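> after the sequence you'll find the predicted model.
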Amino acid sequence: MSLRYGLLGLLSEWDASGYDIKKEFDDLMSIFWHSHLSQIYPELNRLEKEQLIISKHIPQEGKPDKKVYSIAEKGKKELIKWLLTPPEAPKQKDPFLMKTFFMDNIPVDEVLLQLKIYVKNRKQRLNKMKKIIQERLDSIRERNVMKARILISSAVLKRGLEQEIQYIQWCEDTIKLVESCKFLWNKKENVLDKDTILEEYPGKTEFTFKEVEDVLIGYFDGILDN
């Protein structure tokens, strides 16, 4: 549903083709929303059928006409109505958190590998985000312009950066947590060599909270107090 309003929001600022819109989603908006062309074009068609947006064909030399969309008055009203609706708490869907939740089913070395691969990917994403935002700020400075849209969207970009930094920190903290508690994976089905049991606790498969209390409480340090 939010894609619908994302499209209306973009078109409230400037007219754009489907390609222009996709580029915006791939650049700045990728920090908080991802969408494919296969999702964008059907939604644009629905919006046009509902008379929330209109389109026109722009002739291009040596190329097919370019279809450009603009927001209609009805679309502006729909966008404002949505913006004035009280926000709901987000319903979290995170495939990696779902996967991590069940990682007791695989060897501990594989758990650590998955976490390390993921934190590397998130760091690459963070660097890309920083580059995009820095280029945006440089462009704004060079053009010496400021609008409410630029200001408020900058707040969203900052939040996107903060979330990425926090996710990376969570990954790194979780790697340390798992490394400190490897023995909890001391089950034959979770050891790559089926004839081997982890050396720390040979043959032991039952553990107590006391054995991990300091590490686990330290992992949550400062969070539960807020």
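Happy to help now that I have it. Numbering: from 1, shown residues only.
> how much space between the residue lying closest to residue 31 once chain neighbours are set aside and residue 27?
With sequence-adjacent residues excluded and distances taken as Cβ to Cβ, 6 or more residues apart in numbering, residue 31 is closest to residue 160, at 3.4 Å. Placement of C-beta: from N, CA and C, glycine included. If you measure residue 160 against residue 27 using Cβ to Cβ, to the nearest Å, the figure is 12 Å.
> one step back: give me phi/psi at the residue nearest to residue 31?
Residue 160 adopts backbone torsions of phi -60, psi -40, taken as degrees, to the nearest 10.
> try the one 3 residues further on
The main-chain torsion angles of residue 163 are listed as degrees, to the nearest 10 and equal phi -60, psi -40.
> wait, doesn't residue 156 sit right on residue 30?
No. Using Cβ atoms under 8 Å, residue 156 is not in contact with residue 30; the gap is 11.9 Å.
> between those two, point out the one with more neighbours.
Between residue 156 and residue 30, counted using other Cβ atoms under 10 Å, residue 30 has the larger neighbour count: 16 against 13.
> neighbour count winner among residue 160 and residue 27?
Counted by other Cβ under 10 Å, residue 160 and residue 27 do not tie: residue 160 has more neighbours, with 21 against 13.
> confirm for me that the more buried one is in contact with residue 129.
Yes. Taking contacts as Cβ under 8 Å, residue 160 lies within contact range of residue 129: 6.4 Å.
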